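Asker: Turn this into a model:
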Amino acid sequence: MSQSPNVITVTAANFQSVVLEGSFERPVLVDFWADWCAPCRMLMPMLAQLAQDYGGSFLLAKVNTEEEQALAAQFGIRSLPTVQLFKSGKAVDQFMGALPESQVREFLDRHIPRASDGLLARAQGLMASGDLAAARDLLEQARAEDPSNARLSLAQVQLTAAQGDIAQAMTDLDSLPIELANDPEVTALRGRLRFASTAEGAPPQSALETRLASDPKDNQARYQLAALAVLQGDYASALEHLFELMKRDRSFEDDAGRKGMLAVFDLLGGSHDLVARYRAKMMTALY
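Answerer: Got it, this is the predicted structure:
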């Protein structure tokens, strides 16, 4: 394999200048390896390819721990391969073992800005303001410049949903790259799309409120009101309706009340006051 300008062998003599000082200019990924380590030999060419794919966004520094035992000891290397990411002169994250490429990309993307991230952020801002045509143009530009950015696929699903094609957005969501499977933003979007699907074709809110006032056991009206409340950003009302639905009928739409509450928790994030309050109410009601 030919040596890339983004891949360098590091020793104790140049570690200070290449890794510690160099990480103030761009992130440095340090691969601690040894020739006898089979997983190291599997991981190294993949890291080198990623250094090329990311176009110099990070430097890959290789440390042969058999030749640089003091350096390995200095950074607490106890198993191989160990890969540490340095930024601003210090190690900020690490992983051990020969992870699959999707997980390594996920690791890198937590720390390394991509060329298309600025375009992606602008596109999402345009979606929020309702300028969907301009958002679509920016996403196309970002995809042309950086087609391997998995988050562009997520933004496309968001655009499809904003355009009103909820069914297609839900289908596309299930086809996202595997590295996004457990992404909190994907989880939240899945819940929002489920509520949007429930609200599609629902009677006007006033009609639903009238139905529920005349018959508090009208689970469908209550569930649709909760969905409308989520889409309006009225999460307190949504959670109250879903909590009441959970208490009244766990069998409705396969426990829609409880599952709906969990989806709203994902939308709000774990630290929101409403999440703490309604999670406690849920636990009390269930147990």
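Asker: List of residues touching stretch 241-255?
Answerer: The contact list for stretch 241-255, computed with C-beta atoms under 8 Å, 6 or more residues apart in numbering, reads 217, 219, 222-223, 225-226, 229, 256-258, 260-261, 264, 278, 281-282, 285. All C-beta atoms are positioned from the backbone trio N, CA, C, and that covers glycine.
Asker: what's the span of that stretch, first residue to last?
Answerer: Using C-alpha to C-alpha, to the nearest Å, the end-to-end distance of stretch 241-255 comes out at 13 Å.
Asker: Buried residues, it. List them.
Answerer: By 16 or more other C-beta atoms under 10 Å, the buried positions in stretch 241-255 come out as 241-246, 249.
Asker: mean confidence for that stretch?
Answerer: Averaging pLDDT along stretch 241-255 gives 96.
Asker: How about stretch 14-31?
Answerer: Average pLDDT, stretch 14-31: 96.
Asker: Likewise for stretch 115-126?
Answerer: The average pLDDT within stretch 115-126 is 90.
Asker: Give me the subset of the buried residues of stretch 241-255 lying in strands.
Answerer: Assigned to strands by DSSP state E, none of those qualify.
Asker: In helices, which of the residues you listed appear?
Answerer: Using DSSP state H, 241-246 are the members of those that sit in helices.
Asker: Helices of the chain, residue ranges please.
Answerer: With helices called from DSSP H, the chain shows them at 15, 38-53, 69-74, 101-109, 117-129, 132-145, 151-162, 166-173, 184-199, 205-214, 219-231, 235-248, 256-268, 273-286.
Asker: what's the closest non-adjacent residue to residue 149?
Answerer: Among residues not flanking residue 149 along the chain, residue 116 sits closest, at 4.9 Å (C-beta to C-beta, 6 or more residues apart in numbering).
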